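[1] no FASTA, just this:
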């Protein structure tokens with residue numbers, strides 16, 4: 001079991017570079033613990049871990065008898081030119097050492113690390129062994145499609161899979177592979193955030209119902225439900241705090257503020273003028289003292305001479 005060293009909060013996770021937004025942090029936490037301790041043990045898997053931001057949170061939900069595996073190329077060469085160009089462009093700072101340092105900043109032990117392309121993950125993770133899989137590796141269609149098939153292979157029937165970048169303009173390969181799985185491979189969406197799609201190859205209805213009950217209790221998350229041909233999709237996003245009210249165009253308020261501004265400006269000008277006058281007076285006194293210095297010194301010397309003469 002992975003023991004937590006420090007509390008995992010959005011603020012503490014900010015220490016790790018990466019793209020793991022508040023909405024998804026909360027959804028990950030819910031999906032990883034939604035069914036509670038009555039859920040039988042199931043392993044956890046992350047395909048593409050970058051510097052460990054989401055892995056840290058996933059690892060905090062590892063229970064006795066479970067294994068957490070991460071798979072990433074890290075600094076190794078990609079298996080083909082297009083994948084290598086993608087890795088060099090987007091993940092040039094990624095190394096296994098940096099990932100391990102970040103992870104050990106929160107946990108006492110590392111997950112199982114598969115250092116290589118995600119195409120080899122089936123050699124390391126058993127079929128039907130996982131309850132949660134996060135897919136955030138290559139954005140190229142051919143690789144994402146393989147990751148979809150790998151996720152389906154390792155997930156048990158009621159397991160949850162999460163796909164990152166399912167809708168970004170720079171990742172059409174992810175969108176194509178994910179929605180192809182929905183159309184042709186029986187993948188059932190549960191919910192989406194701005195950045196991730198949460199789905200299952202099992203029955204989505206029971207967990208979707210629990211999710212909606214949980215969302216109703218949250219004041220920090222906004223949600224709505226869209227109906228499609230035979231299934232529903234929950235959309236979730238962070239609820240932004242309302243901005244502080246502004247004066248707007250209220251004439252009375254603006255007039256009051258204008259009067260206060262004029263009074264403050266007048267007081268400031270008066271203070272500046274008094275300060276300048278005091279400065280000039282100080283300069284005059286300093287100059288007079290400077291001029292009077294030699295006269296005073298001569299007067300003191302003559303006084304001493306006269307005094308000595310009288311004594312003699």
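    All right, it came through fine. A quick note: this is a predicted structure, and the numbers were derived from the prediction, not measured. Residues are numbered from 1 along each chain as shown.
[2] What are the buried residues along stretch 105-116?
    For stretch 105-116, a neighbour-count test (16 or more other CB atoms under 10 Å) marks 106-107, 110-111, 113-114, 116 as buried. Glycine gets a C-beta too; all of them are placed from N, C-alpha and C.
[3] To clarify, my last question referred to stretch 185-194.
    Within stretch 185-194, the residues that count as buried by 16+ other CB under 10 Å are 187-193.
[4] Likewise for stretch 172-182?
    173-175, 177-179, 181-182.
[5] just stretch 45-65 next, same as before
    For stretch 45-65, the neighbour count (16+ other CB under 10 Å) marks 45-63 as buried.
[6] Quick check: nearest residue in space to residue 8, chain neighbours excluded?
    Nearest non-adjacent residue to residue 8, counting by CB to CB, 6 or more residues apart in numbering: residue 60, 5.2 Å away.
[7] so which of the buried residues of stretch 185-194 comes closest to residue 148?
    Checking these against residue 148 by CB to CB gives residue 187 as the nearest, at 7.5 Å.
[8] Where do the helices of the chain begin and end?
    For the chain, helices defined by DSSP state H occupy the ranges 10-13, 22-33, 53-59, 81-90, 96-104, 141-154, 172-184, 204-216, 251-311.
[9] what sits up against the shortest one?
    Pointing back at helix 10-13 there. Residues from elsewhere that reach helix 10-13 (CB atoms under 8 Å, 6 or more residues apart in numbering): 6, 20, 22, 25, 53, 56-57, 106.
[10] re earlier: list phi and psi for the residue nearest to residue 8.
    In terms of degrees, to the nearest 10, the main-chain angles of residue 60 are phi -70, psi -10.
[11] And it, what's its pLDDT?
    pLDDT, residue 60: 94.
[12] just residue 7 next, same as before
    63.
[13] avg pLDDT for stretch 229-247?
    On average, stretch 229-247 scores 79.
[14] do the same with stretch 213-225
    For stretch 213-225, the mean per-residue pLDDT is 95.
[15] low-confidence ranges in the chain?
    Scanning the chain for pLDDT under 70 picks out 1-7, 76-92, 242-259, 278, 281-282, 285-300, 302-312.
[16] and the lengthiest strand in it with helix 172-184, angle?
    Criterion DSSP state E: the longest strand present in the chain is strand 155-164. Interaxial angle, strand 155-164 versus helix 172-184 (axes from the mean of the first three to the mean of the last three CA atoms, to 10 degrees): 140 degrees.
[17] And the residue lying closest to residue 30 once chain neighbours are set aside, how close does it get to residue 190?
    Computed as CB to CB, 6+ apart, the closest residue to residue 30 that is not its neighbour in sequence is residue 214, at 6.0 Å. The gap separating residue 214 from residue 190 is 12 Å, by CB to CB, to the nearest Å.
[18] How about residue 68?
    Look at residue 68 and residue 190: by CB to CB, they are 22 Å apart.
[19] contact partners of stretch 212-230?
    By CB under 8 Å, 6+ apart, the residues outside stretch 212-230 that reach it are 23, 26, 30, 34, 191, 232-239.
[20] at 10 Å instead, please
    Contact partners of stretch 212-230, identified using CB atoms under 10 Å, 6 or more residues apart in numbering, comprise 22-23, 26-27, 30, 34, 182, 189, 191-193, 208, 211, 232-241.
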